[in-house]
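> sequence-free structure coming up:
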């Protein structure tokens, strides 16, 4: 294919590029697989639409996470995937040919489904066919091994790749492997065949050289013993087109293309909040400089304040804002706190959700007070309807083999999205609605005091230590604290209550549970919090149908809570589920919880279905003080 025409081979939702198929990921298409290329290859030239995602808090969090502190290095833009109107109506036009997320076929070794011939794309054995621009999903590689056949046999990706714990990805060395590290004695580039014998005993695939008698089964490359039959990792990042100087040197591991651990995204997300009067005015100007730089006098301030898009300016003193903008124009830089600290995205949200005076509604956020039903006043202090919200998400890197730990990023090697720092990262945004719940502070404090002394929570703590110890890498230097980032009893109770409500709400609000998301505001011992935000996170319907918010009304909410607690008392996996407690040698991080009663989809749960236990909310044990929920609600 030439440089003037880039055929379309498929389509993906913006959220797909955040969670399952972003930069560096292998994406399975109907007939072959592709790798999403690095940011250097993304092309926004000629785009006239607004592809920027505006969320200052998220930009700041991205820069802190990537350690970008100097002005020339900072991320200044969050960009959605390149897209333009006209690509579908005119697929042969320039919009369709040059605008889109760039990908490359990977693995680039293909196998004919008819004759089993194995060859690289550059060998000329297979032909790429993409004849109809309106059906990009029909793009494929074919093999002309049967000249008289009306339909040419399909060539599919040879499904084996090499990865390492530093996140490198490479082709499987078929020629070197079948010849035991050497070359074919007959020809430099021999023809080969890949024969899949099937069966259920792991991989059973034979690689055969057609020029010499060499043959070898792929099982000899599997497992720890198989690593001795493979070369060391070459340090390849195919999404960037680079190799590590001097190679990588780590052991290469065989991985099947499409395996769930070939790519884990590292993302940050934040809710778009209306500005607060308590915010530092210089920080607000710095974060929103693009839109505030024009406010250099009172006349401009008055004119802009009358626009619905700038209604938030009423939150600030006009003279202070104008002075801060002029100081910024004059080059005065105001210190904004330690640069090495992580941005706390949850505290501003908690402060807003719990404020006594509700903020003025904006296009992105609207909060309404809802009455707490009398029967639930012993459990909840506040119930508030979030009629509108906007969540912005940014992709800042990825890992392979091991999932990243958002609380301890150094545990796993992060792979960069580009070969050099750029001033933007991929992002997406969704609009939705939600319900904010605040548990009674006194109730939670009394419960925590008792739960901290219980054998049940001691079992959770021991499991957490075992979990962290098992996943600690020997390659990391320094002291290791196995209790670091322990969420605490308060989090486990709030998280369990959140899952119970989501499972019940999904039956009534019109969204399935995978379309809902949660944010738990548990804080720590120095700043205890007791909040839960349940909200929609679906990009297709924009999540604002009103079905979720309506369930917070007094007529429905009591029924929802009672039903959730009633359903939680029984699980079809009982007594196995109800009696489960984390205990050695196992390191799972849940107690009385399973797929039947509490687990949710990965897109819904913020902690991967960890830190859950029904016995903290409904009576499963003999200790009534172990229950956070008032007795009259679970009797």
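Yes, it's here. Just so you know, these numbers come straight off a predicted model, no measurement behind them. Numbers count the residues shown, from 1 in each chain.
> could you pull out the helices for the stretch 251-400 of the chain?
281-287, 289-292, 298-305, 318-329, 346-353 (DSSP state H, counting those that start in this stretch).
> Now render these as TSV, adding distance to residue 61.
Any C-beta I mention is one placed from the backbone N, CA and C, and that applies to glycine too. Formatted as TSV, the helices of the stretch 251-400 of the chain follow (distance: least, Cβ to Cβ, whole Å):
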stretch	distance to residue 61
helix 281-287	11
helix 289-292	17
helix 298-305	27
helix 318-329	21
helix 346-353	11
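> and residue 83, which of the ones you listed is closest to it?
helix 289-292 (21.8 Å; Cβ to Cβ).
> Contacts only, for residue 310.
291, 304 (Cβ atoms under 8 Å, 6 or more residues apart in numbering).
> Low-confidence ranges, the stretch 451-600 of the chain, go.
Applying pLDDT under 70 to the stretch 451-600 of the chain picks out residues 473-478, 538-546.
> Which strand or helix spans residue 24?
Under the criterion DSSP states H and E, no helix or strand holds residue 24.
> before we move on, what about residue 225?
helix 223-226.
> after that helix comes which helix or strand?
Trace forward from helix 223-226 with DSSP H and E and the next one is strand 236-237.
> so how far is that next one off the chain centroid?
22 Å (Cα atoms, centre = their mean, to the nearest Å).
> Could you spell out the sheet neighbours of that strand, each with its direction?
Paired neighbours of strand 236-237 in the sheet (DSSP bridges): strand 242-243 (antiparallel).
> what about the residue lying closest to residue 24 once chain neighbours are set aside, how many neighbours?
Nearest in space to residue 24, with sequence neighbours left out and distances taken as Cβ to Cβ, 6 or more residues apart in numbering, is residue 239 at 4.3 Å. As a burial measure, residue 239 scores 29 neighbours (other Cβ atoms under 10 Å).
> Find the nearest non-adjacent residue to residue 246, please.
Nearest to residue 246 is residue 235, by Cβ to Cβ, 6+ apart, at 7.8 Å.
> Pretty sure the one you found sits against residue 169.
No - counting by Cβ atoms under 8 Å, residue 235 stays clear of residue 169, with 10.3 Å between them.
> Comparing these two, which residue is more hemmed in?
Legend: neighbour count by other Cβ under 10 Å for residue 235 and residue 169, higher for residue 169 (25 against 19).
> so who does that one touch?
Residues near residue 169 by Cβ under 8 Å, 6+ apart: 24, 35, 161, 162, 163, 236, 237, 238, 239, 262, 400.
> out of the residues you listed, who has the most neighbours?
residue 239 (29 neighbours).
> So it belongs to a strand, correct?
No - going by DSSP: H, G, I helix; E, B strand; the rest coil, the assignment for residue 239 is coil, not a strand.
> related to what we said a few turns ago, now tabulate the helices of the stretch 251-400 of the chain in a markdown table and tack on mean neighbour count and distance to residue 222.
Shown next, in a markdown table, are the helices of the stretch 251-400 of the chain (neighbours: other Cβ atoms under 10 Å; distance: least, Cβ to Cβ, whole Å):
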| stretch | mean neighbour count | distance to residue 222 |
| --- | --- | --- |
| helix 281-287 | 19 | 50 |
| helix 289-292 | 15 | 53 |
| helix 298-305 | 14 | 64 |
| helix 318-329 | 16 | 59 |
| helix 346-353 | 18 | 43 |
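> Go through the ones you listed and name the closest to residue 359.
Short answer: helix 346-353, nearest of those by Cβ to Cβ, at 6.4 Å.
> Show me what the closest one packs onto, helices and strands only.
strand 516-523, strand 528-536 (3 or more Cβ pairs under 8 Å, 6 or more residues apart in numbering; DSSP states H and E).
> Kindly reformat those as CSV containing distance to residue 251 and mean neighbour count.
Below are those laid out as CSV (distance: least, Cβ to Cβ, whole Å; neighbours: other Cβ atoms under 10 Å):
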stretch, distance to residue 251, mean neighbour count
strand 516-523, 38, 23
strand 528-536, 43, 22
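> so which of those gets nearest residue 601?
Residue 601 lies closest to strand 516-523 among those, at 9.0 Å (Cβ to Cβ).
> Just the angle for the closest one relative to helix 346-353, thanks.
If you take axes from the mean of the first three to the mean of the last three Cα atoms, to 10 degrees, strand 516-523 sits at 100 degrees to helix 346-353.
> Please enumerate residues in contact with strand 516-523?
Contacts of strand 516-523 (Cβ under 8 Å, 6+ apart): 271, 346, 349-350, 353, 391, 487-488, 490-491, 494-495, 498-499, 502, 505-506, 528-537, 548, 603-606.
> What strands flank it, and is each parallel or antiparallel?
Here, using DSSP bridges, strand 516-523 pairs with strand 528-536 (antiparallel).
> tell me how far the strand it pairs with is from the chain's mean position?
The answer for strand 528-536 is 19 Å, by Cα atoms, centre = their mean.
> following that strand, which helix or strand comes up?
Following strand 528-536 in sequence, per DSSP H and E, is helix 547-550.
> circling back to that earlier point, identify all contacting residues around the helix holding residue 225.
The contact list for helix 223-226 (Cβ under 8 Å, 6+ apart) reads 219, 220, 254.
> Quick one: mean pLDDT for that helix?
Confidence over helix 223-226 (mean pLDDT, whole number) is 82.
> Now do the same contact list for residue 427.
So residue 427 contacts 18, 53, 58, 78, 79, 80, 392, 393, 394, 395 (Cβ under 8 Å, 6+ apart).
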